[in-house]
Every structure is written in C-alpha cells, then in structure tokens.
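In: The following comprises the amino acid sequence and a computationally predicted model.
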Amino acid sequence: MTENDKLIDIEKCDGICVHEDRLKVVEDTMPDENTLYDLAELFKVFGDSTRIRILYVLFEAEVCVCDMAQTLGMTQSAVSHQLRILKANRLVKSRREGKSVFYSLADDHVRSIIGQGTEHITEEH
C-alpha cells in the first residue's frame, strides 16, 4: 500500500457550532457553479500523464507533432489526439511554418499550474 492509499484520520469539531462571520466571507467570495464546473473540467485535463508529458516537452521548446512523437515514443496520431484536447482547453497553441505545425504552451499560466503542482508533490512534509 502506498502512502497515498492510507486513510488519513480527519479531526472533527467536538460539537456543532456555526461561525457566521467565516461563512459570510465564503459566501461572498465563492465563484458561481458554472465557474466551479469549468475549473473542475480544466483540472481533469491535467489528470492524464500523457498530457502532462506533452506539456513538459513544451516547457523546453516549441515543437512539431513529429518531433514530439519521436521524443515521447508515441505515434503522431496519439500525440495529435492529446494536443487537440490541450488546445480545446486553451493550454497549448499552434502556428504553421511551411508544412510543419509547431506547438507551444498557450501562456505562462500553464507553466505556473504545472510548476506549482510539481512543487506541491515534491515538497517535504
């Protein structure tokens, strides 16, 4: 059993008490349901290790599908399928140069999301 598989004992309050002032802050700042849904959908895209590998390739360089397939040991078709998902979620962008199409990260937010996630899972507890 891995450490992530172990059950964590969650501490609870000894009684029922409502902290109205804290709840008011939460209610005033909570995004609407559509925004929360869209955020959950975005994070689902990051839930695939192949897509994470593609994003890591794009951290280093703008590359075409052929080069990415070679680097990752995948078929061009498999890479293209994942790139479609990443592009539909505005995580990557593309540009054509002659017969080649080059992909890159859409913006610095993508780099930041992956970077912070990596930092979180590698930090000491």
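Out: All right, it came through fine.

In: can we go C-alpha only for contacts and neighbour counts from here?
Out: Will do.

In: Mind checking what helix or strand follows the helix or strand encompassing residue 23 in sequence?
Out: Using DSSP states H and E, the secondary-structure element containing residue 23 is helix 20-29. Tracing the chain C-terminally past helix 20-29 and defining elements by DSSP H and E, one meets helix 33-45 next.

In: Give me the mean pLDDT for that following helix.
Out: Computed over helix 33-45, the mean pLDDT rounds to 95.

In: which helices and strands does the helix ranked longest in the chain pack with?
Out: With residue count as the measure and DSSP state H as the assignment, the chain has helix 108-122 as its longest helix. Contacts defined by 3 or more C-alpha pairs under 8 Å, 6 or more residues apart in numbering; DSSP states H and E place helix 108-122 against no helix or strand at all.

In: residues in contact with that helix?
Out: 59, 91, 105 (C-alpha atoms under 8 Å, 6 or more residues apart in numbering).

In: Contacts only, for the first one.
Out: Under the criterion of C-alpha under 8 Å, 6+ apart, the contact list for residue 59 reads 104-105, 111.

In: Look up how far residue 30 lies from the residue nearest to the spatial centre of the chain.
Out: Here the mean C-alpha position of the chain is nearest to the C-alpha of residue 46 (C-alpha atoms, centre = their mean), at a distance of 3.3 Å. Distance check for residue 46 against residue 30: by C-alpha to C-alpha, to the nearest Å, it reads 23 Å.

In: hang on, the earlier thing: which of the contacts of helix 108-122 scores worst on pLDDT?
Out: In terms of pLDDT, the weakest of those is residue 59, which scores 92.

In: In a helix, that residue, correct?
Out: Yes. Assignment of residue 59 by DSSP: H, G, I helix; E, B strand; the rest coil places it within a helix.

In: Make a markdown table from the contacts of residue 59 and add distance to residue 14 and neighbour count to it.
Out: Written out in a markdown table, the entries for the contacts of residue 59 read as follows (distance: C-alpha to C-alpha, whole Å; neighbours: other C-alpha atoms under 10 Å):
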| residue | distance to residue 14 | neighbour count |
| --- | --- | --- |
| 104 | 52 | 21 |
| 105 | 48 | 24 |
| 111 | 42 | 17 |
